[in-house]
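Asks: Pasting a predicted model and its sequence here:
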Amino acid sequence: MGTNNCEIKSPPEGTLYGTPEEGCSVMMNRKKLGIYFKESEDRRMAFGRGYRAGSTPVNIHGNSILDLSKTGGWLAAFFIFGNEMAERMAYFGLSVNMVAFMFYVMHRPFSSSSNAVNNFLGISQASSVLGGFLADAFLGRYWTIAIFTTIYLVGLTGITLIATMSSFVPNQNECDQLSLLLGNCEQAKPWQMTYLYTVLYITAFGAAGIRPCVSSFGADQFDERSKNYKSHLDRFFNLFYLSVTIGAIVAFTVVVYVQMKYGWGSAFGSLAIAMGISNMVFFIGTPLYRHRLPSGSPLTRVAQVLVASFHNRNVPFLTSDFIGLYEVPGSHSTIKGSRKIDHTDDFRFLDKAALKVKEDGTNPSPWRLCTVTQVEEVKILLKLIPIPSCTIMLNVILTEFLTLSVQQAYTLNTHIGHLKLPVTCMPVFPGLSIFLILALYYSIFVPIFRRITGQPNGASQLQRVGIGLAVSIISVAWAAIFERFRRNYAIEHGYGSSFLTAMPNLSAYWLLIQYCLIGVAEVFCIVGLLEFLYEEAPDAMKSIGSAYAALAGGLGCFVATIINNIIKSITGKKGQESWLSQNINSGRFDHFYWLLTVLSLVNFCIFIYSAHIYKYRTHQSQGNEMEKLDMENKGSTPQQCVAK
């Protein structure tokens, strides 16, 4: 904010607030402060966006790309898809195999193994905010991905060492299935578990830097000025999640097969090899990538707005010293990589941070006075919070299905004819359903939803999230219904105490209904959420916006662990079997699933309200344009920008 700043002058007396005597009556009309804010002269471009100085794509050396035709596009995106595919292959490969590894090799109980894996999943997603911060503030998305994929590879290598060297695991002699059930096998030593947790959380930390950046970096490869930009972006996020699904399918099939055929070391080693190859592919595509320069610490800008608004909290908008809402002249903001943002009337208390008064002088401190664009960044981050927060319950259900449904599958017949599928392969079916839905999305679902909603792309981003949440409720309700039937069948046929013995006459493929439904829910909810956050997040905070989705996933894992612990402590009192007993046939997983159903219904109602009151940024921009035109038609005095 140099000396050549811009002060948005108050209109002549009577234009907005009127004379002091009329001030109170005029304030009752709640006139918007936006009249003080001079919008950029040339904002109107496709979808209200477009490149400006500071946001123009650059190459790896930081130089502007003059000929965009030689970079970016789908070719660059496919190199990025490969990295995400390998990351999710490792992520799901660990999530589905680590519970069994801790139980059968490290001799840990199912409950503690599930909680440990839930914590791994939670940390890998919740800490994505750190990765998003580093990308937006200092490193840029490319270098953040490059650094954290290397960390990910180090963690996977450490896990492979555990599974290949006997000194890292307890003695496996005289440890048959009965000994496992009775807990008589030699327990892992404290240092062995410490090492396992260390490399596991190193892997989680590596994932934290990749997840918030990959989707945003891929979306950066498309030209915002193109008339097909919105269509390309919609298809990109669908294909991006398809690559996630392919990685999951490979983890649930190929990696499980390798584990059964060649052992744990080969299974975890295959994940490390896949990550190493994907890293090479990612770096090979470097000359094709379009980059966005980091914009400086977004957390600092947020802190400045909060401090400035608190400092000016007692300064009224009607004071005689009020000059206007502070903004720099021209069409560019002071934030590198960001365009100016329209003023909105939400969170009016934050407008105090941009409240320009005479005592501020010509070169105010950013901790005392912020620009309108900086204030609007914080408003946007706040307005986005309710939407990803409502997806936490979906992630709770996904987490519970990954662990609890495996215990269900152990009691069921997994044969298809003469072929017997391993229990750990069962989670592949949500992936297959996702793959099928994404393959048919544009040929079947889009035309159907287009007729219902009138949206060109079938459904808006928030509608897709809502559809996903609704389907997830059906999924967990069915899980409760089937689990009640499965448990009664086990007790009636004498399997009450044999919770690792498959019942030959009850097929595990009844689980496919809940698996496929949760797959449908994932497609609509997560894909819609990723696109929504990328589009709505401020220009200089795209990675942090994408990290919101990962953070919701991580919180879902932590919430799942908290719910599990609460249920165990409440229902397992006085020597009774808890709902989540290790012996699933004496527990009450059906009651637990009904509890999740009720919580999901409450969450869905909250989402409906949050989505109803949310205004897309494009709608806000259009509203401000209409407001300006309306004022001009009424002959209002235009605001003036005076350079000091």
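Replies: Received, thanks.

Asks: And the strands in the stretch 351-500 of the chain, which stretches?
Replies: For the stretch 351-500 of the chain, strands defined by DSSP state E, counting those that start in this stretch occupy the ranges 355-357, 412-413, 415-416, 419-420.

Asks: and among the ones you listed, the most buried is which?
Replies: strand 355-357 (a mean of 23; mean count of other CB atoms under 10 Å). All C-beta spots, glycine's among them, are computed from the backbone N, C-alpha and C.

Asks: quick one: strands adjacent to it?
Replies: strand 322-325 (antiparallel) (DSSP bridges).

Asks: and the partner strand, what's its mean pLDDT?
Replies: For strand 322-325, mean pLDDT rounds to 68.

Asks: likewise stretch 496-509?
Replies: 78.

Asks: That stretch: end-to-end distance?
Replies: 21 Å (CA to CA, to the nearest Å).

Asks: switch to numbering from 25
Replies: Noted, 25 is the first residue going forward, which turns the last one into stretch 520-533.

Asks: next one: it to chain centre, how far?
Replies: 36 Å (CA atoms, centre = their mean, to the nearest Å).

Asks: try stretch 473-487
Replies: Counting by CA atoms, centre = their mean, stretch 473-487 comes out at 22 Å from the chain centroid.

Asks: Likewise for stretch 370-387?
Replies: 33 Å.

Asks: What of stretch 452-464?
Replies: 20 Å.

Asks: list the buried ones in that stretch?
Replies: 452-459, 461-462 (16 or more other CB atoms under 10 Å).

Asks: which of those residues lies closest to residue 366?
Replies: residue 462 (34.6 Å; CB to CB).

Asks: one step back: quick check, nearest of the buried residues of stretch 452-464 to residue 214?
Replies: Nearest member of the buried residues of stretch 452-464 to residue 214, counting by CB to CB, is residue 452, at 35.0 Å.

Asks: how about the nearest residue to the closest one, chain neighbours excluded?
Replies: Spatial nearest neighbour of residue 452, excluding adjacent residues (CB to CB, 6 or more residues apart in numbering): residue 276 at 3.5 Å.

Asks: and if you look at residue 401?
Replies: Per CB to CB, 6+ apart, closest to residue 401 is residue 562, 4.5 Å.

Asks: how near is the residue nearest to residue 371 when sequence neighbours are not counted to residue 337?
Replies: Closest residue to residue 371 apart from its sequence neighbours, by CB to CB, 6+ apart: residue 403 at 5.0 Å. Distance from residue 403 to residue 337, counting by CB to CB, to the nearest Å: 17 Å.

Asks: in the stretch 175-324 of the chain, what spans have low per-residue confidence?
Replies: 200-207 (pLDDT under 70).

Asks: Closest to the centroid, which residue in this structure?
Replies: Residue closest to the mean C-alpha point of the chain, counted by CA atoms, centre = their mean, is residue 573 at 1.4 Å.

Asks: just to revisit the earlier point, how far away is the residue nearest to residue 452 from residue 115?
Replies: 12 Å.

Asks: what do you get for residue 639?
Replies: Distance from residue 639 to residue 115, by CB to CB: 34 Å.

Asks: more crowded one of the two?
Replies: Of the pair residue 639 and residue 115, residue 115 is the one with more neighbours under other CB atoms under 10 Å, namely 25 against 13.

Asks: picking up where we left off before, so between residue 403 and residue 337, which is more surrounded?
Replies: Set residue 403 next to residue 337 and count neighbours by other CB under 10 Å: residue 403 wins out with 20 against 11.

Asks: I figured the more buried one hits residue 366, correct?
Replies: No - using CB atoms under 8 Å, residue 403 is not in contact with residue 366; the gap is 10.6 Å.

Asks: which residues touch the residue lying closest to residue 151 once chain neighbours are set aside?
Replies: Excluding the flanking residues, the one nearest residue 151 by CB to CB, 6+ apart is residue 232, at 3.8 Å. Residues in contact with residue 232 (CB atoms under 8 Å, 6 or more residues apart in numbering) are 147-152, 154-155, 172, 574.

Asks: farthest-separated two in those residues?
Replies: Maximum pairwise distance among those (CB to CB): 14.9 Å, between 150 and 172.

Asks: between these two, which one's more packed in?
Replies: residue 172 (25 against 22).

Asks: ok, the more buried one - contacts?
Replies: So residue 172 contacts 155, 229-234 (CB under 8 Å, 6+ apart).

Asks: Any chance of a markdown table for the residues you listed, columns distance to residue 181?
Replies: Formatted as a markdown table, the contacts of residue 172 follow (distance: CB to CB, whole Å):
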| residue | distance to residue 181 |
| --- | --- |
| 155 | 20 |
| 229 | 14 |
| 230 | 11 |
| 231 | 15 |
| 232 | 18 |
| 233 | 17 |
| 234 | 16 |
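
Asks: which one of the residues you listed sits closest to residue 423?
Replies: Residue 423 has its nearest neighbour among those in residue 231, at 15.2 Å by CB to CB.

Asks: what about the helices in the stretch 375-524 of the chain?
Replies: Using DSSP state H, counting those that start in this stretch, the helices of the stretch 375-524 of the chain run over 396-408, 410-413, 416-434, 452-464, 470-477, 485-516.

Asks: mean confidence for the second one?
Replies: Along helix 410-413, the predicted local confidence has a mean pLDDT of 93.

Asks: Now do the buried residues in that helix.
Replies: Quick answer for helix 410-413 (16+ other CB under 10 Å): 411-413.

Asks: okay, the residues you listed in JSON lines with distance to residue 111 next?
Replies: Below are the buried residues of helix 410-413 laid out as JSON lines (distance: CB to CB, whole Å):
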{"residue": "411", "distance to residue 111": "24"}
{"residue": "412", "distance to residue 111": "20"}
{"residue": "413", "distance to residue 111": "25"}
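
Asks: Closest to residue 422 out of those?
Replies: Closest to residue 422, out of all of those and judged by CB to CB, is residue 412, at 14.4 Å.

Asks: so that closest one touches residue 573, yeah?
Replies: Yes - Residue 412 is within contact range of residue 573, at 5.7 Å (criterion: CB under 8 Å).

Asks: Find residues that contact each of these two.
Replies: In contact with both residue 412 and residue 573: 553, 557, using CB under 8 Å, 6+ apart.

Asks: quick revisit: can you redo the contacts of residue 172 as TSV with distance to residue 491 and secondary structure?
Replies: Output for the contacts of residue 172, formatted as TSV (distance: CB to CB, whole Å; DSSP: H, G, I helix; E, B strand; the rest coil):
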residue	distance to residue 491	secondary structure
155	29	helix
229	33	helix
230	33	helix
231	27	helix
232	29	helix
233	31	helix
234	28	helix
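
Asks: Just the C-alpha atoms of stretch 405-422, please, in CSV.
Replies: C-alpha atoms of stretch 405-422 as CSV (Å, rounded to 0.1, in the frame of the first residue of the first chain):
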residue,chain,number,x,y,z
LEU,A,405,-13.1,-18.4,3.7
LEU,A,406,-15.8,-18.0,6.5
LYS,A,407,-18.7,-18.4,4.1
LEU,A,408,-17.2,-21.6,2.7
ILE,A,409,-16.8,-23.3,6.1
PRO,A,410,-20.4,-24.7,6.5
ILE,A,411,-20.4,-26.6,3.2
PRO,A,412,-17.3,-28.9,3.7
SER,A,413,-18.3,-29.1,7.4
CYS,A,414,-21.5,-30.9,6.4
THR,A,415,-19.5,-33.5,4.6
ILE,A,416,-17.8,-34.7,7.8
MET,A,417,-20.6,-37.2,8.5
LEU,A,418,-20.1,-38.7,5.0
ASN,A,419,-16.4,-39.2,5.8
VAL,A,420,-17.4,-40.7,9.2
ILE,A,421,-19.5,-43.3,7.3
LEU,A,422,-16.7,-44.0,4.8
